[in-house]
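Engineer: Below: sequence and its predicted model.
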Amino acid sequence: MAEIPASSIPYPHRAGNMYHVFYTAYWQQDEAQNPARYINWLNRAYNYMTPYVSNNPRAAYMNYRDLDIGVNNDNGKITVAQARTWGVRYFANNFDRLVRVKTNVDPLNFFRNQQSIPPLHKK
C-alpha cells in the first residue's frame with residue numbers, strides 16, 4: 001500500500017498502517033430496552049484501543065463512517081471548519097485539496113451525506 005503516495009488519491013491511510021479497526025455492536029430485538037449497555041461497551045473498547053491506534057488526529061476510514069465525530073447540519077449547510085473535524089480524520093492532509101475539488105465540481109453541494117466534504121462558500 002505504501003507504493004502509492006498518500007497525496008495521489010483521497011484515501012491517505014497507506015504507509016505504516018497495518019490494520020483497520022471497525023467498532024460495532026449489535027443486539028437482539030428483545031434486548032432493545034437497554035441499548036446503553038452495548039453503546040457503553042463499544043465506547044470502552046474504543047477508549048481501550050487509544051494507545052494502540054493513530055493519533056493527532058485519530059484516523060478514521062470513510063467507509064466505516066463514525067457519526068460520533070461529527071455530522072453535517074440537518075439543513076445540509078456546513079462550513080469547511082466544521083467539516084474539518086471528521087475530514088482530517090478521513091482524508092488527513094488531502095482534506096483541503098478535496099474541498100477545492102468539491103468547490104469546483106459540486107459548488108451547490110448536491111452530492112452530500114452526513115459527513116460529506118462541503119464546498120467553499122463564495123463571499
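Structural biologist: That came through fine.

Engineer: what are the ranges of the helices in the chain?
Structural biologist: 35-48, 80-91, 95-105 (DSSP state H).

Engineer: for the shortest one, packing partners?
Structural biologist: So that's helix 95-105. Helix 95-105 is packed against helix 80-91, with contacts defined by 3 or more Cβ pairs under 8 Å, 6 or more residues apart in numbering; DSSP states H and E. Just so you know, the C-beta spots here come from the backbone N, C-alpha and C atoms, and that holds for glycine as well.

Engineer: quick one: low-confidence parts of this structure?
Structural biologist: 1-2, 76, 122-123 (pLDDT under 70).

Engineer: cutoff 90 now
Structural biologist: Residue ranges of the chain with pLDDT under 90: 1-39, 46, 50, 52-79, 85-86, 89-90, 92, 109, 112-116, 121-123.

Engineer: in it, what residue sits furthest out from the centroid?
Structural biologist: For the chain, the largest distance from the centre (Cα atoms, centre = their mean) belongs to residue 30, which lies 31.2 Å off.

Engineer: Out of the helices of the chain, flag the one nearest residue 68.
Structural biologist: helix 35-48 (8.8 Å; Cβ to Cβ).

Engineer: Can you dump the C-alpha atoms of the closest one in PDB for me?
Structural biologist: Only the C-alpha atoms of helix 35-48 are listed here, as PDB (Å, rounded to 0.1, in the frame of the first residue of the first chain):
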ATOM      1  CA  PRO A  35     -29.100  -0.100  24.200                       C
ATOM      2  CA  ALA A  36     -26.800   2.000  26.500                       C
ATOM      3  CA  ARG A  37     -25.300  -1.300  27.800                       C
ATOM      4  CA  TYR A  38     -24.000  -2.100  24.300                       C
ATOM      5  CA  ILE A  39     -23.000   1.500  23.400                       C
ATOM      6  CA  ASN A  40     -21.100   1.800  26.700                       C
ATOM      7  CA  TRP A  41     -19.300  -1.400  25.900                       C
ATOM      8  CA  LEU A  42     -18.400  -0.100  22.500                       C
ATOM      9  CA  ASN A  43     -17.100   3.200  23.900                       C
ATOM     10  CA  ARG A  44     -15.000   1.300  26.400                       C
ATOM     11  CA  ALA A  45     -13.500  -0.800  23.700                       C
ATOM     12  CA  TYR A  46     -12.800   2.300  21.600                       C
ATOM     13  CA  ASN A  47     -11.100   4.100  24.500                       C
ATOM     14  CA  TYR A  48      -9.100   1.000  25.400                       C
END
